[in-house]
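*Asks:* Let me see the structure of the following:
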Amino acid sequence: MSALRNAVLRQVACATGLPAEVCSAALSMTGTRKRGVDFTVSTMHLAPDGVDRAQFGVLAQEWAEKMRPDDVIEKVSVKGPVLSVHLRADALVRATLQEVHFAPAEFGRRPELGAGRTALIEFSSPNIAKPFHAGHLRSTILGNCIRNLHNFFGFQTQAVNYLGDWGKQFGLLAAGFNDFGSLQELERRPFQHLFDVYVRSNAQLAAETPSGTAGAGAGAVAGAGARPSLDERASDYFARMERGDAEALRLWTRFRELSVAEYARMYGRLNVRFDEYAGESQVSVAEVEGLVRALGERGLTSRRDGSTVVDLSEDGLGEATLLKKDGASLYLTRDLCTALHRVEQVGAGAGGPVGLDRMIYVVGEPQRLHFERLRCVLGRMGRAEVAQLITHCQFGQVLGMSTRRGQVVFLEDILNETRVRMLRHMTDSNLGVEKLRGVDDPEVVAEVMGLSAVIVQDLRGKRERSYAFDWDRMFQNTLGTGPNLQVSHARLCNIRALVDVPVAADVDFAEIAGDPRMLRVVELVSRYPLVVLAAHNTMEPSLLVSHLVKLSAAVSSCYRFVYVKGQSERVALARMSMYEAARVVLASGLRLLGVTPLSRV
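*Replies:* Sure thing, here's the model as predicted:
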């Protein structure tokens, strides 16, 4: 669309008498083509100094009268201080379809925006041996889309899965493994077995802890020479881990390695790849001690009931604990160490080729206070340049997600349930395209279609809103669902496969411009670059989903009336060009969402 913009810019510069680079900042393409308006010009940005605001409308009228209709501009209208530029429909169609035709993979991309900049995106972040709940799934889907958007605009990205892999619970897990674990079962099904051990260990811990007393007291009740309680053994095991005891770390390392390998396999089914599986375990005791010491030297810490705290009341953030009474660090302490380490490792600032431009944490809304405190403490300790890199991409809750067997526990439960339900739905209905027997591999298609359903349902609403997980609705071939977008893409692929008409660059654009249905499709294609950029800037994938749904609906309205087969060559070429542009945008948008576009369903 740069050719159209440049043509309009030349006329604006001529009418105002200002350089084109000055006028460029005041010229904006409209998000929708309401009343035929494609560009707007704000006189407030271009008026000479000293001109009264009341005269902006007069100035806009004078400039509009100097702009003449040509082969690009149809007319210029004025409303208050704003000039509205209406493009000729055939010029819009020509510029849009030719841009898509000559560089389909690049349509909408602006790699110069992220050149030389690195975005670290932390998402998913489940806890080893604990349930993979709906919040982890939403973080995974949202974080993957945000990473895709950053890649689309030329950023170098680092996707980090920051696992919950440290703490006394791993002492409990290791101690419990000696009682309930099996190395053979650990190798065969690591997630499920570790979870089973964790549940049984917690049950035993609760059984041997008298009501209202600490777990450590249970061992004393048993008498001298008795086997230490599970709580005591867990504390002792974790203490050995923190001291770097090789034998204690050997079992923990095996737990982590097997879990990471299994997670990588499961994430692969979701089309998600991580550059690093980090975790709380990577923060050393020395790093924590150094951080607390540095804060203390600045007079930022104090003791409260044996704990080390930092008072953030002046910033309305209350009092944050850094170390517990026993000297154990908390999430805030470890996140402070991790943020500082990441900046030292990658480098800060957008000036260099490896500059860390931003750290995005895709974490639920309940953690808002945590990240406000994180930025606040960094600022107070003189590391404001690190604090400003941090963005908390927060999201609402997922309500009511469970499988036929009950509450979701493992990611594999979600993926398998999705495939089974989608395959059953495909058996019951042909999704409006083909009979199930025409699909080469129904199970593979069912998995991709099912994941499309889950991903689109998650991303279609504003990310900060909670939503109800609805297995039945999301599998329907109805407007606004993942299966519907896949069906639209498959139909467009089908048209290209069945009709012996090439996709050409130079076609009869007036044929498309003269049909409101086809023109609507092209209008939506032309706005795709704006929508993707807005989704990137706001980290709001719902903008992209909404646009793809509108495009899908516009294309569907053409099927019954806008045929390619059986038409004259002039008409067929034009219509094929329009359909192909829609297919390119749908495929591009689905990939950004994290969905694999299907050519047959």
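*Asks:* When you work out contacts or count neighbours from here on, use the C-alpha atoms and nothing else.
*Replies:* Fine.
*Asks:* tell me the mean pLDDT for stretch 95-107?
*Replies:* For stretch 95-107, mean pLDDT rounds to 94.
*Asks:* which other residues reach that stretch?
*Replies:* Outside of stretch 95-107, the residues within contact range by CA atoms under 8 Å, 6 or more residues apart in numbering are 1, 3-4, 503-506, 522, 525-526, 529, 577-578, 581, 584, 588.
*Asks:* can you rerun that using 7 Å?
*Replies:* Residues outside stretch 95-107 that contact it (CA atoms under 7 Å, 6 or more residues apart in numbering): 1, 505, 526, 577-578, 581, 584.
*Asks:* any chance of those residues in TSV, with distance to residue 54 and pLDDT too?
*Replies:* Shown next, in TSV, are the contacts of stretch 95-107 (distance: CA to CA, whole Å; pLDDT from 0 to 100):
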residue	distance to residue 54	pLDDT
1	34	71
505	47	78
526	35	96
577	47	94
578	45	95
581	44	96
584	46	97
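*Asks:* Switch those over to JSON lines; also include secondary structure.
*Replies:* Shown next, in JSON lines, are the contacts of stretch 95-107 (DSSP: H, G, I helix; E, B strand; the rest coil):
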{"residue": "1", "secondary structure": "coil"}
{"residue": "505", "secondary structure": "coil"}
{"residue": "526", "secondary structure": "helix"}
{"residue": "577", "secondary structure": "helix"}
{"residue": "578", "secondary structure": "helix"}
{"residue": "581", "secondary structure": "helix"}
{"residue": "584", "secondary structure": "helix"}
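*Asks:* For those, pick the one with the most neighbours.
*Replies:* Using other CA atoms under 10 Å as the neighbour test, the contacts of stretch 95-107 are led by residue 526, with 27 neighbours.
*Asks:* Distance-wise, check that residue relative to residue 1.
*Replies:* Applying CA to CA, to the nearest Å, the value for residue 526 to residue 1 is 7 Å.
*Asks:* Likewise for residue 84?
*Replies:* As judged by CA to CA, residue 84 and residue 1 stand 17 Å apart.
*Asks:* circling back: just give me the closest of the contacts of stretch 95-107 to residue 176.
*Replies:* Using CA to CA, residue 584 comes nearest to residue 176 of those, at 54.0 Å.
*Asks:* who's in contact with the closest one?
*Replies:* Contact partners of residue 584, counting by CA under 7 Å, 6+ apart, are residue 104.
*Asks:* Just the element for residue 370, please.
*Replies:* Per DSSP states H and E, residue 370 falls inside helix 368-380.
*Asks:* can you give me the mean pLDDT across that helix?
*Replies:* 97.
*Asks:* Now it: buried residues?
*Replies:* 370-378 (16 or more other CA atoms under 10 Å).
*Asks:* for stretch 492-500, same thing?
*Replies:* By neighbour count with 16+ other CA under 10 Å, stretch 492-500 contains the buried residues 492-493, 495-496.
*Asks:* could you dump those residues to CSV with distance to residue 235?
*Replies:* CSV is the format used below for the buried residues of stretch 492-500 (distance: CA to CA, whole Å):
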residue, distance to residue 235
492, 61
493, 60
495, 65
496, 65
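*Asks:* Check those and tell me the two furthest apart.
*Replies:* The distance between the two most remote of the buried residues of stretch 492-500 (CA to CA) is 6.5 Å, for 492 and 496.
*Asks:* contacts for the helix or strand in which residue 256 is found?
*Replies:* Assigned by DSSP H and E, residue 256 belongs to helix 246-269. By CA under 7 Å, 6+ apart, the residues outside helix 246-269 that reach it are 128, 190-191, 237, 240-241, 273, 411-412.
*Asks:* quick revisit: tell me which of the buried residues of helix 368-380 is nearest to residue 195?
*Replies:* Using CA to CA, the buried residues of helix 368-380 come closest to residue 195 at residue 370, 27.4 Å.
*Asks:* heading toward the C-terminus, what's the first helix or strand past the helix-or-strand element of the chain with minimal mean pLDDT?
*Replies:* Across the helices and strands of the chain, mean pLDDT, DSSP states H and E gives its lowest value to helix 217-222, namely a mean of 44. Using DSSP H and E, the helix or strand that follows helix 217-222 in sequence is helix 230-242.
*Asks:* For that following helix, what is the distance to the chain centroid?
*Replies:* Centroid displacement of helix 230-242 relative to its chain, using CA atoms, centre = their mean, to the nearest Å, is 38 Å.
*Asks:* For the remainder of this discussion, apply numbering that starts at 340.
*Replies:* Let's use 340 as the start, then, which means that last one is helix 569-581.
*Asks:* What average pLDDT does it get?
*Replies:* Over the span of helix 569-581, the pLDDT mean works out to 89.
*Asks:* before we move on, the earlier item: list the helices and strands the helix holding residue 709 packs on?
*Replies:* Other elements packing on helix 707-719 under the criterion 3 or more CA pairs under 7 Å, 6 or more residues apart in numbering; DSSP states H and E are helix 670-685, helix 723-726.
*Asks:* between that helix and helix 670-685, what angle do the directions make?
*Replies:* If you take axes from the mean of the first three to the mean of the last three CA atoms, to 10 degrees, helix 707-719 sits at 60 degrees to helix 670-685.
*Asks:* Just the residues contacting helix 707-719, thanks.
*Replies:* 656, 671, 675, 723, 725-726, 731.
*Asks:* quick one on the thing from earlier: quick check: buried residues in the helix holding residue 595?
*Replies:* Neighbour-count burial for helix 585-608 [16+ other CA under 10 Å]: 587-588, 591, 594-595, 597-599, 601-603, 605-606.
*Asks:* Relative to residue 414, how far out is residue 423?
*Replies:* The spacing between residue 423 and residue 414, counted by CA to CA, is 8 Å.
*Asks:* higher neighbour count, the two?
*Replies:* Ranked by neighbour count (other CA under 10 Å), residue 423 and residue 414 place residue 423 first, with 25 against 18.
*Asks:* Point out where the stretch 640-789 of the chain drops to low pLDDT.
*Replies:* Low-confidence segments of the stretch 640-789 of the chain (pLDDT under 70): 686-693, 740-748, 768-779.
*Asks:* at 80 instead, please
*Replies:* For the stretch 640-789 of the chain, applying pLDDT under 80 flags the ranges 685-694, 739-750, 752-753, 764-779.
*Asks:* Count the residues that sit near the residue nearest to residue 650 when sequence neighbours are not counted.
*Replies:* Spatial nearest neighbour of residue 650, excluding adjacent residues (CA to CA, 6 or more residues apart in numbering): residue 658 at 4.5 Å. A total of 14 residues lie near residue 658 under the criterion other CA under 10 Å.
*Asks:* And the pLDDT at residue 816?
*Replies:* Residue 816 is assigned a pLDDT of 67 by the prediction.
*Asks:* Check the contacts of helix 707-719 for burial and list the buried ones.
*Replies:* The neighbour-count test (16+ other CA under 10 Å) marks 671, 675, 725-726, 731 as buried among these.
*Asks:* Turn those residues into TSV, columns for distance to residue 785.
*Replies:* Below are the buried ones among the contacts of helix 707-719 laid out as TSV (distance: CA to CA, whole Å):
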residue	distance to residue 785
671	42
675	43
725	44
726	44
731	34
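*Asks:* Residues touching stretch 612-625, excluding its own?
*Replies:* Identification of contacts with stretch 612-625 by CA under 7 Å, 6+ apart yields 497-505, 606, 673, 676-677.
*Asks:* So for that stretch, what gets flagged as buried?
*Replies:* For stretch 612-625, by 16+ other CA under 10 Å, it's 613, 616-620, 622, 624.
*Asks:* can you pull out the helices in the stretch 440-589 of the chain?
*Replies:* 473-491, 507-519, 522-527, 529-547, 556-561, 569-581, 585-608 (DSSP state H, counting those that start in this stretch).
*Asks:* okay if I get those as TSV plus distance to residue 387?
*Replies:* Output for the helices of the stretch 440-589 of the chain, formatted as TSV (distance: least, CA to CA, whole Å):
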stretch	distance to residue 387
helix 473-491	38
helix 507-519	67
helix 522-527	74
helix 529-547	67
helix 556-561	80
helix 569-581	67
helix 585-608	57
